[in-house]
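Engineer: what follows is a predicted protein model with its sequence.
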Amino acid sequence: MRILLLTPHYPPEIRSVSRLMVELAQDLRAAGHDVTVVAPFPPPDGAGPGALDRMPARERTGGIQVIRVRTMPFVHVAPWLRAVTHFTLAGALTLGALSAGRHHAVVAYVPPLTIGLTCDLLRRVWGAPYILNVQDIYPQALIDLGLARQRLVVEILRWIEQYSYRHAGAITVHSEGNRRLLLERGLDAGKVHIVHNWVDTAAIRPGLRANGFRASLGLGDEFVVLFAGVLGYAQDIDVILEAARLLRAYEGIVFILAGDGVRKAQAVEQAAAWGLRNVRFLPFQPLEVYPQLVTMSDVCLVTLQKSVTTPVVPSKIMTIMAAGRPIVATVDSGGDAYEVIAGSGGGVCTPPGEPAALAEAILALYRDPALRQRAGEAGRRFAEMHFDRRAVTAVYARLLAELRGHADGRR
């Protein structure tokens, strides 16, 4: 089967989306499918040094055809401009997909919602069913964060959401709460499938804390509290900095924020204004370095804004668990992320927006190495059982085969 993957990010761009989509492409290829990926060129600061200088618009790597398209920047821009560029992204992906020739099925990572319009156009032109891999429920997530306030904007986004969902052959979500939310919106229960975000448990494993990456940062035996990922609107960076301020008297505790996003500059300024010498900032780390970044840490953070009401299970949770490191999360009790972390025994959850509670949870793990070890081991077991890469990506191969069968039966 010829399968087309549409994604807003792809290696060498350093994002969790990139990792998920390249692994899905590789596993579908390994299952015998002809796979094409259409994605934008990475932004200048989104890939490794010199990566853009040698990046062709078309290449075949590992048997996978990758088509790069030009689009306006949609990160590090104002919210209103991002909304505009999401439409230009959809247009560019459409042209790139059509240039690749007919495919039998399409898998798309959303958000942005506008990619659903690309999928439906390809469905009409090629007769190819599509799967939407829905990571965040838009536009509700934007409304929660105060990024979509105008009534007309919200109505347009809701129309795109319903239209894309209605015509999708299948929709995958990463948790029960997300599935329940979509069913409440009237979607057919047979169309919405829970497919967890995955992690390569063979590649991401518990490793030495005193590794080369720790040494390269000049860290000795400091207790490292790591936040790695997007520093954006949904991630509560303020609660991390406030917890660091509460713990700055503990000279052995160091907070490392590794990543980038629209909130990074503000976070750097705030840390400097407060004189937080226990906080260090790093850029996104390449995929081959990321495992060492996680394993050098003692505790890993997962923080979400209190205003986020849609079910969210950040994919960093799976990676932290696979690496055998304990999690401290600021998430609502009863939410999907809470259920994964607390239910697995892989970490501690505190209420969102409460830096004192976050600081206390970090201190409890700082003072109790045995607790850290138990949580790390429990998380690793849970990741092996529920989030193993090849077991999860095989679900996509099955769904695609079913959709292809249905499409052939209608001809």
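Structural biologist: Received, thanks. Residues are numbered from 1 along each chain as shown.
Engineer: over to residue 269. Which of the three states is it?
Structural biologist: Three-state call for residue 269 (DSSP: H, G, I helix; E, B strand; the rest coil): helix.
Engineer: how close does it sit to residue 399?
Structural biologist: 46 Å (CB to CB, to the nearest Å). The way it works is simple: take the backbone N, C-alpha and C, and place the C-beta from them, glycine included.
Engineer: neighbour-wise, which of the two wins?
Structural biologist: Neighbours per residue (other CB atoms under 10 Å) separate residue 269 from residue 399, with residue 399 holding more: 19 against 10.
Engineer: next one: the helix or strand encompassing that one to chain centre, how far?
Structural biologist: Using DSSP states H and E, residue 399 maps to helix 389-410. How far helix 389-410 lies from its chain's middle: 23 Å, per CA atoms, centre = their mean, to the nearest Å.
Engineer: list the buried ones in that helix?
Structural biologist: Neighbour counts over helix 389-410 (16 or more other CB atoms under 10 Å) mark 389, 392-393, 396-397, 399-400, 403-404, 407 as buried.
Engineer: CSV for those, including pLDDT and distance to residue 362?
Structural biologist: CSV is the format used below for the buried residues of helix 389-410 (pLDDT from 0 to 100; distance: CB to CB, whole Å):
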residue, pLDDT, distance to residue 362
389, 95, 30
392, 95, 31
393, 96, 34
396, 95, 37
397, 94, 41
399, 95, 40
400, 95, 43
403, 90, 46
404, 80, 49
407, 61, 52
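Engineer: you'd agree residue 204 is in a strand?
Structural biologist: No - assessed with three-state DSSP, residue 204 is coil; it does not lie in a strand.
Engineer: what's around it, how many residues?
Structural biologist: Quick note: residue 204 (other CB under 10 Å) scores 23 neighbours.
Engineer: was I right about it contacting residue 291?
Structural biologist: Yes - counting by CB atoms under 8 Å, residue 291 is a contact partner of residue 204 at 5.4 Å.
Engineer: what about the helices in the stretch 251-400 of the chain?
Structural biologist: 264-273, 290-295, 316-322, 336-344, 355-367, 369-386, 389-410 (DSSP state H, counting those that start in this stretch).
Engineer: and these, which one averages the lowest pLDDT?
Structural biologist: Confidence, taken as mean pLDDT, is least for helix 389-410 of these (a mean of 85).
Engineer: overlap in contacts of residue 204 and residue 291?
Structural biologist: By CB atoms under 8 Å, 6 or more residues apart in numbering, residue 204 and residue 291 have these common neighbours: residue 323.
Engineer: now do residue 319 against residue 203, distance only.
Structural biologist: The value you get for residue 319 to residue 203, if CB to CB is used, is 10 Å.
Engineer: more neighbours: these two, which one.
Structural biologist: Using other CB under 10 Å as the criterion, residue 319 and residue 203 rank with residue 319 on top: 27 against 13.
Engineer: so who does the more buried one touch?
Structural biologist: Contacts of residue 319 (CB under 8 Å, 6+ apart): 16, 199, 204, 290, 294.
Engineer: now with 10 Å, please.
Structural biologist: By CB atoms under 10 Å, 6 or more residues apart in numbering, the contact list for residue 319 reads 16, 19, 197-201, 204, 228-229, 290-291, 293-294, 300, 325, 383, 387.
Engineer: export the helix holding residue 399 as PDB, just CAs?
Structural biologist: Output of helix 389-410 as PDB, limited to C-alpha atoms (Å, rounded to 0.1, in the frame of the first residue of the first chain):
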ATOM      1  CA  ARG A 389       6.900   1.500  19.900                       C
ATOM      2  CA  ARG A 390       6.400  -1.500  17.600                       C
ATOM      3  CA  ALA A 391       3.300  -2.800  19.400                       C
ATOM      4  CA  VAL A 392       1.600   0.700  19.100                       C
ATOM      5  CA  THR A 393       2.600   1.600  15.600                       C
ATOM      6  CA  ALA A 394       1.300  -1.900  14.500                       C
ATOM      7  CA  VAL A 395      -2.200  -0.600  15.300                       C
ATOM      8  CA  TYR A 396      -1.800   2.000  12.600                       C
ATOM      9  CA  ALA A 397      -0.900  -0.700  10.100                       C
ATOM     10  CA  ARG A 398      -4.000  -2.600  11.000                       C
ATOM     11  CA  LEU A 399      -6.300   0.500  10.800                       C
ATOM     12  CA  LEU A 400      -4.900   1.400   7.400                       C
ATOM     13  CA  ALA A 401      -5.500  -2.100   6.100                       C
ATOM     14  CA  GLU A 402      -9.100  -2.000   7.300                       C
ATOM     15  CA  LEU A 403      -9.600   1.400   5.700                       C
ATOM     16  CA  ARG A 404      -8.100   0.200   2.400                       C
ATOM     17  CA  GLY A 405     -10.400  -2.800   2.500                       C
ATOM     18  CA  HIS A 406     -13.500  -0.700   3.100                       C
ATOM     19  CA  ALA A 407     -12.400   1.700   0.200                       C
ATOM     20  CA  ASP A 408     -11.900  -1.200  -2.200                       C
ATOM     21  CA  GLY A 409     -15.200  -2.700  -1.200                       C
ATOM     22  CA  ARG A 410     -17.000   0.500  -2.100                       C
END
